Structures are given as structure tokens and as C-alpha cells.
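Enquirer: Sharing a sequence plus its predicted fold:
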Amino acid sequence: MKTETTIQGLSASLNPARASRKIIGFVPTMGNLHEGHLNLVREARKLCDVVVVSIFVNPIQFGPNEDFDNYPRTLEQDSHLLAEVGCDIVFAPSVEQMYGHQPRLTNISVAEITNDLCGLQRPGHFDGVAVVVTKLFNIVQPNYAFFGQKDYQQLAVIKQLVRDLNMPIDVIGVPITRAADGLALSSRNGYLSEQDRKTAPTIYKTLKLAEENLQKGQNLSDVLVQIRADLTAAGFEVDYVEARTPMLQKIDQFDQDVVLFVAAKLGKTRLIDNLQIKHSS
Ligand code: PAF
């Protein structure tokens, strides 16, 4: 496995693969990797000849009071894990390498679907994601790119971006990887205290209970109220509990497939999760 830290170096490493029309798969990450990321790489490995993983903590997607400075940077440990799952090239550029040519005058905004859910609490976050992912796509020029369904809204934004701008890339959404107790894996789980880590799986439990209640015919809005109440009783500070269609349109009845979304804080740690529920008709 090679590690490249410059755009030029990465191009030089990838040019032979491009020249021989190899299928290039790309997994963008911010590092501090867990099984969820490794599963993205495993999926990429199945479909692609060459697998590139980027590790870049992107400053422009963090708000002023978010955890950019403290975000764990664990390149050495990440590199070991990536080598084990068959990554070919790690691209780990510096902020200077990605954004050195200041000022950056171009922004990328995906409208509507970003003015909802996490976009409401994190203004500018999805613009920052759209800019860095576009830059990374231009640098890596992959055939396939792999994103986790845990960040469902992010995945929808990237799919929209790729469609709107005719990027020649297939975006693949990979199902959420969960711990044995149901907690969706996330780099931020590492911030949880021992006690909060025990409470955190309540999110998934409430989502699964909601699924059962919906299947039994309970009203969608009652189900959402119940999730909120259960989380609050367990000690969460709930940010949102919402239902949307798989295309992120508002929905008030369970008369088609629905995705339930939760964002809630335990202590200072904000957790998100979602559950896709099929409507059987
Ligand atoms: O999901 C992430 O880790 C980041 O938002 C991404 C896609 C790597 C862009 O910085």
C-alpha cells in the first residue's frame, strides 16, 4: 500500500492504472477509521481494481463551535487497518495541499435537501462537504465512490451533486455498520463517557420499536413523538426526530417507504442515526 500526500504524487501513482483503464474505487474519509469505514473499503475492493482512500479532516465543513481542532488524527493506526483490508493507495493531503491557493472563490451549494435535518443545525456544513468531495473527485477521478448510509443526508447530497454536475462517477451507498448492541459506528462514539456509551444504543432501540409500531398501524406522527419521549427519558438532548421519504421529501403518513432520522446529544457528543422502513403494499 502506498501513501501519497500531494496531488501530484497521487496522480503519478494513479496514472498507470488510468492508462490501462483499471476501475478506480474511492472512499473519502476523515480518518479515525472504524469497521464502518473498513466495510466501505471492502465494498470498493469487490468492485474495483484499484482502491484509493483519502484521509483528510476538512476544515471547511466544521462550524466555529465544532470539533475541528480536536478531531482525532490517527494516520498511523488508520494506515495499518487500511493495509489489512486491501486498500492500494492512501491519499492524506495537508490543509495547505487542499486549500493552499487562497482565496477560494468557488462554493458548491446543493439546495433544498441541505436546508433540513442536520443542515439546519450546521449551516454551511454541506457546502463544505460538497466542495471537498468535488475537489477529491477531480483529484482521484474514480469510477466508483463509496459512502456510508449512516450519513444518509450527506449521501443524498453527493448523489444530487454528481447527477446535477454530470460527474462520471457511480456513487454507492453502503449500509450502516452497527456495534453488537446496535449503536451505529461513528468516529464520534469515541467521545462518549463509559456511561453514555451504555445509553447510546437506545437510539437504535427506539428506531426499531418505531418500525414495529408503524408496521402494526400506529400513526407516523405518534411514532415520532414516542421516539423523542423515549430518548429524552433516557437522558438525550434531542435535536430532531423526523420522517422523510428516501428522496428526503417530507412525509406525514406511512403510506410509502420511509426513513426515520434522529440526531441527539449525550453530554457534548452529537449522535445521528437513521432507519429505512419498507412499506409493504
Ligand atoms: O463523511 C465524511 O467523513 C466526510 O464528510 C467526507 C465525505 C470525507 C468529506 O470530508
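Expert: Nice, I can see it.

Enquirer: Would you mind measuring from F126 to the ligand?
Expert: In this structure, F126 lies at 9 Å from the ligand, with C-beta to the nearest ligand atom, to the nearest Å as the measure. Where you see a C-beta, it was placed from the backbone N, CA and C, and this is true even at glycine.

Enquirer: looking at it, that residue is touching Q154, isn't it?
Expert: Yes: the pair formed by F126 and Q154 meets the contact definition of C-beta atoms under 8 Å, at 7.2 Å.

Enquirer: and for those two, which residues touch both?
Expert: In terms of C-beta atoms under 8 Å, 6 or more residues apart in numbering, F126 and Q154 are not both contacted by any residue.

Enquirer: Please identify which of those two sits among more neighbours.
Expert: Neighbours around F126 and Q154, counted as other C-beta atoms under 10 Å, are more numerous at F126. The numbers are 25 against 22.

Enquirer: Just say helix, strand or coil for that one.
Expert: Taken by DSSP: H, G, I helix; E, B strand; the rest coil, the conformation at F126 corresponds to helix.

Enquirer: Would you check how far apart it and L40 are?
Expert: 20 Å (C-beta to C-beta, to the nearest Å).

Enquirer: cool, and E76?
Expert: For E76 relative to L40 (C-beta to C-beta), the value is 20 Å.

Enquirer: These two: which has the busier surroundings?
Expert: Taking E76 and L40 together and counting by other C-beta under 10 Å, L40 has the greater number of neighbours (27 against 7).

Enquirer: Other residues contacting the host helix or strand of the more buried one?
Expert: Under the assignment given by DSSP states H and E, the secondary-structure element containing L40 is helix 35-47. Where contact means C-beta under 8 Å, 6+ apart, the residues beyond helix 35-47 that reach it are 23, 25-27, 29, 51, 53, 81-82, 85-87, 144, 146-148, 150, 172, 174, 176-177, 184-186.

Enquirer: Try it again at 6 Å.
Expert: 25, 27, 29, 51, 85-87, 144, 146, 148, 174, 177, 185 (C-beta atoms under 6 Å, 6 or more residues apart in numbering).

Enquirer: The helix or strand encompassing A156 - contacts with which helices or strands?
Expert: Assigned by DSSP H and E, A156 falls within helix 152-164. Helices and strands touching helix 152-164, as assessed by 3 or more C-beta pairs under 6 Å, 6 or more residues apart in numbering; DSSP states H and E, comprise helix 125-140, strand 170-174.
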